[in-house]
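*Asks:* mind looking at a prediction? Sequence and model below.
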Amino acid sequence: MELFKKIRLKIGDAILKSKIAKIRRKKHYSNIKQVKNIGIVWDASKIDDFACLSRFYQKMHENETDVKILGYFPGNNLPNQYTAVRYLSIIKQEELSIFYRPVSVETNAFVSKSFDVLIDLNFKKLLPLQYISSLSNAGLKVGLYESKTRNAPFDLMMDLKSPVNVEDYLNHVVHYLEMINSGTVN
């Protein structure tokens with residue numbers, strides 16, 4: 001069974017690479033004060049991180065910035081914390097194609113939305129979340145730096161020591177976004 005999973009992952013990765021090659025998106029970012037919406041892609045199997053994300057949502061909401069979180073949870077039963085939260089959508093295993101491509105309506109809407117900033121919290125590099133981050137139409141994509149990743153979809157990469165603490169990571173992202181003040185990202 002593990003052999004088939006590896007083959008399906010390889011095929012899914014190849015499909016993603018072919019889709020990435022066809023994408024042309026306009027990168028743009030001016031400054032944190034003009035950010036109206038932020039999308040977050042998150043590995044929802046890390047239940048303890050949800051409290052950090054809720055605090056981040058609250059902080060951004062106070063600054064009149066809309067935050068939408070899309071997570072991937074590999075289990076069958078969602079934890080109670082994830083239900084009835086309007087800014088959180090969760091993809092489950094059953095919402096993936098055989099090659100681990102997310103196929104839900106919510107995923108397609110998230111990818112199509114032109115977020116001002118997309119923050120990737122996919123530290124394990126799960127393929128369903130890589131699809132979303134790579135194909136997102138966001139103006140600025142932020143993610144972790146990895147020396148192994150040659151074609152990372154990110155415009156701004158953070159180089160932090162493992163294991164990465166989500167709250168520290170989000171604080172670093174906001175700190176660097178506050179420092180940037182330009183019209184476009186090259």
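*Replies:* That came through, no problem. Bear in mind that the values here come from a model prediction, so they are computed numbers and not experimental data.

*Asks:* from here on, just use CA atoms for contacts and neighbour counts.
*Replies:* Fine.

*Asks:* identify each buried residue in the worst-scoring helix or strand of the chain on mean pLDDT, please.
*Replies:* Sorted by mean pLDDT, DSSP states H and E, the helices and strands of the chain end with helix 2-21, the least confident at a mean of 83. Of the residues in helix 2-21, those buried under the neighbour-count criterion (16 or more other C-alpha atoms under 10 Å) are 8-9, 12-13, 16.

*Asks:* what does it rub up against?
*Replies:* Residues external to helix 2-21 that are found in contact with it (C-alpha atoms under 8 Å, 6 or more residues apart in numbering): 98-101, 127, 131, 134-135.

*Asks:* now, which of those lie within helices?
*Replies:* If you go by DSSP state H, the contacts of helix 2-21 have 127, 131, 134-135 in helices.

*Asks:* in those residues, find the pair that's most separated.
*Replies:* Taking every pair in those and measuring C-alpha to C-alpha, the maximum separation is 12.0 Å, between L127 and L135.

*Asks:* who's the residue nearest the centre of the chain bridged to?
*Replies:* Within the chain, one residue has its C-alpha closest to the average C-alpha position: by C-alpha atoms, centre = their mean, that is V41, at 2.3 Å. Going by DSSP bridges, V41 is paired in beta bridges with L70, D120.

*Asks:* check which helix or strand covers I90.
*Replies:* Using DSSP states H and E, the element containing I90 is strand 88-92.

*Asks:* quick one: strands adjacent to that strand?
*Replies:* Counting by DSSP bridges, the strands paired with strand 88-92 are strand 66-73 (parallel).

*Asks:* which residues touch the partner strand?
*Replies:* Strand 66-73 is contacted from outside by 36-45, 57, 60-61, 87-93, 107, 110, 128-129, using C-alpha under 8 Å, 6+ apart.

*Asks:* emit the PyMOL select command for whichever of the residues you listed are buried.
*Replies:* Per 16+ other C-alpha under 10 Å, the buried members of the contacts of strand 66-73 correspond to this PyMOL selection:
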select buried, resi 36+37+38+39+40+41+42+43+44+57+60+88+89+90+91+92+107+110+128+129
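
*Asks:* ok, and the most crowded of the ones in helices among the contacts of helix 2-21?
*Replies:* Y131 (23 neighbours; other C-alpha atoms under 10 Å).

*Asks:* who touches it in this structure?
*Replies:* Contact analysis of Y131 by C-alpha under 8 Å, 6+ apart lists 16, 101-102.
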